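[1] After the sequence you'll find the predicted model.
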Amino acid sequence: MRNQCCYILAYECYKAPDDRKLDTETCGKLIFRNKNLGMEEYRFLLQAMVNAGIGEETYGPRNVIAGTEESPNLSEALSEIDDIVSGTLDKLFAKTGVSPSEIDILVVTVSMISSAPSLPARMINRYKMREDIKIFNLSGMGCSASVIAVDLVQHLFKTYKNAFAVIVSSESLSPNWYCGKERSMMLPNILFRLGGCSLLLTNKRSLRHQAMLKLKHSVRIHAGSSDEAYRSCTRIEDAQGYCGFFLTKSLPKAADKAVTMNLRVLVPKMLPLRELVRYAIVSYWRSKSKTSTPEAAGASLNLKSGVEHFCIHPGGRAVIDGMGRSLGLNEYDLEPTRMALHRFGNTSAAGLWCVLSYMEAKKRLKKGDRILMISLGAGFKCNNCVWEVMRDLEDVNVWEDCINRYPVKSTANTSFLEKYSWINESKHEQEV
């Protein structure tokens, strides 16, 4: 039992160079060079961009910045992943003093690219890792992949004693930028941005005093048996043959159901008995009351009696708003997720660690605090875990150059509206 523990020693988030920022000017050029779009699509994208909660400093893939998104190639896609790997693992090894040759387990989660040799093989070659390293290459796991990888590692730690594990998590945007005109498939272009992260974990109890976080609980739920949930987020080809992610209107419902299923398992593990008893009594009496609503009954569960911080996947403003309502969270609780979305966009499975980094940079995380990490992914999956903070944390990490500017008062992209307001004005002129 002494070896059945899982600590995070360090993590690094990737920040791309400034020449890959998708500001208003660059986004405008990107939209207008898509010859498949007309005024109706422009108006839709204008409204979506303004209300998405994404700011002026997110990052895009090199080929999108260069204007070659309609003709992606494997070399560009692999180069994108190599940049993320070197940009995070180099710092991770330097920060911790752990050598690549000491790594026992390597888990890589990149959903939308396949190569031969595999991505883990490229990393083993680059860092000259040992011949007996155990590698796991997870594909198609989507935005929930990094938490799935953590759960995998903590199970492997039960077999491999005194081990080091590295998780590398990212997404391949270069070959997956949508160039068509279907509205439900254009939304991911607005939300998804370039990013990635690397984590160093161990089950060596001798290193617990150096650890940042200790894993307390992990619960994985897959709602894929429901056709509605399964089809809510899929990669398809449109009528013109363009590939992209298709997001259905049932996505929020699928997410809410998956979170509910997960918390039914996780909540009894993380909340104190007194809160569970209180909730049971309140729920019983409210069920007898004709004036009580299901929403009111659900909100009576006080998650803050078991955790101090909420690290929610920054999937989009609607996802964040929905999570806040269903979990009974206030704006202070949601601030890290909103700001991560504004600064970096939806960086898929790496987004959670940008949120965690914000909490750390703002010096919120104190020894003994507990963090509920909530991740959602296509399939449809909800994978959650609870961490205990092992020491006071205050590394600014990926927020080094901008943390003093946050939080922003509004996440609406008003600069986009100001520059392209003529799109809506042309509609009014047509109506007149």
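    Sure, I can see it.
[2] dump the residue contacts of residue 259.
    323, 326, 374, 376, 382 (Cβ atoms under 8 Å, 6 or more residues apart in numbering). All C-beta atoms are positioned from the backbone trio N, CA, C, and that covers glycine.
[3] shouldn't residue 391 be in contact with residue 369?
    No - using Cβ atoms under 8 Å as the test, residue 391 is too far from residue 369 to be in contact (10.5 Å).
[4] Quick check on the two: which one has the bigger neighbour count.
    The neighbour count for residue 391 versus residue 369, taken as other Cβ atoms under 10 Å, is higher for residue 369 (18 against 14).
[5] now the strands for the stretch 101-250 of the chain?
    Secondary structure of the stretch 101-250 of the chain (DSSP state E, counting those that start in this stretch): strands at 105-110, 134-138, 164-170, 196-202, 213-222, 233-237, 243-247.
[6] The stretch 301-432 of the chain too?
    309-312, 370-377, 381-389.
[7] right, so of those strands, which gets closest to residue 102?
    Nearest to residue 102 among the strands of the stretch 301-432 of the chain is strand 381-389; the distance by Cβ to Cβ comes to 23.3 Å.
[8] what's the model's confidence in that closest one, averaged?
    On average, the pLDDT along strand 381-389 is 96.
[9] Mean neighbour count added to the strands of the stretch 101-250 of the chain, as TSV?
    Output for the strands of the stretch 101-250 of the chain, formatted as TSV (neighbours: other Cβ atoms under 10 Å):
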stretch	mean neighbour count
strand 105-110	25
strand 134-138	16
strand 164-170	28
strand 196-202	26
strand 213-222	20
strand 233-237	16
strand 243-247	20
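[10] To residue 24, which of those strands lies closest?
    When these are compared (using Cβ to Cβ), the closest one is strand 243-247, at 22.7 Å.
[11] Could you identify the helix or strand that succeeds the closest one?
    Using DSSP states H and E, the next helix or strand after strand 243-247 towards the C-terminus is helix 251-270.
[12] could you give the angle of that next one to strand 381-389?
    Interaxial angle, helix 251-270 versus strand 381-389 (axes from the mean of the first three to the mean of the last three Cα atoms, to 10 degrees): 40 degrees.
[13] center of the chain - which residue?
    For the chain, the residue sitting closest to the mean C-alpha position, by Cα atoms, centre = their mean, is residue 351 at 3.1 Å.
[14] Check the contact between residue 177 and residue 72; I expect there is one.
    Yes - applying Cβ under 8 Å as the test, residue 177 and residue 72 come out as touching, 7.3 Å apart.
[15] which neighbours do these two share?
    In contact with both residue 177 and residue 72: residue 63, using Cβ under 8 Å, 6+ apart.
[16] Give me the neighbour count for residue 141.
    23.
[17] and if you look at residue 370?
    17.
[18] Who is it paired with across the strands?
    Assessed by DSSP bridges, residue 370 has beta-bridge partners residue 388.
[19] Residues contacting stretch 30-43 from elsewhere in the structure, which ones?
    Outside of stretch 30-43, the residues within contact range by Cβ under 8 Å, 6+ apart are 22, 45, 64, 67, 69, 179-181, 183, 186, 240, 420, 423-424, 426-427.
[20] next one: stretch 172-182
    By Cβ under 8 Å, 6+ apart, stretch 172-182 touches 34, 36-38, 41, 60-64, 69-70, 72-74, 76-77, 80-81, 110-113, 185-186, 188-189, 192-194, 235, 238-240, 242-246.
[21] among these, which are in helices?
    Counted as lying in helices by DSSP state H, out of the contacts of stretch 172-182, are 41, 62-64, 74, 76-77, 80-81, 185-186, 188-189.
[22] could the strands of the stretch 301-432 of the chain be laid out in a markdown table, adding distance to residue 281?
    Below are these laid out as a markdown table (distance: least, Cβ to Cβ, whole Å):
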| stretch | distance to residue 281 |
| --- | --- |
| strand 309-312 | 25 |
| strand 370-377 | 24 |
| strand 381-389 | 24 |
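[23] which residues touch the closest residue to residue 22 other than its chain neighbours?
    Spatial nearest neighbour of residue 22, chain neighbours left out: residue 60 (4.4 Å); criterion: Cβ to Cβ, 6 or more residues apart in numbering. Contacts for residue 60 were tallied using Cβ under 8 Å, 6+ apart; they are 20, 21, 22, 26, 173, 193, 194.
[24] Return the member of the ones in helices among the contacts of stretch 172-182 nearest to residue 286.
    Taking the ones in helices among the contacts of stretch 172-182 together and measuring to residue 286 by Cβ to Cβ, the closest member is residue 188, at 39.4 Å.
[25] do you know how far the closest one is from residue 179?
    Plainly put, residue 188 is 12 Å away from residue 179 if you go by Cβ to Cβ, to the nearest Å.
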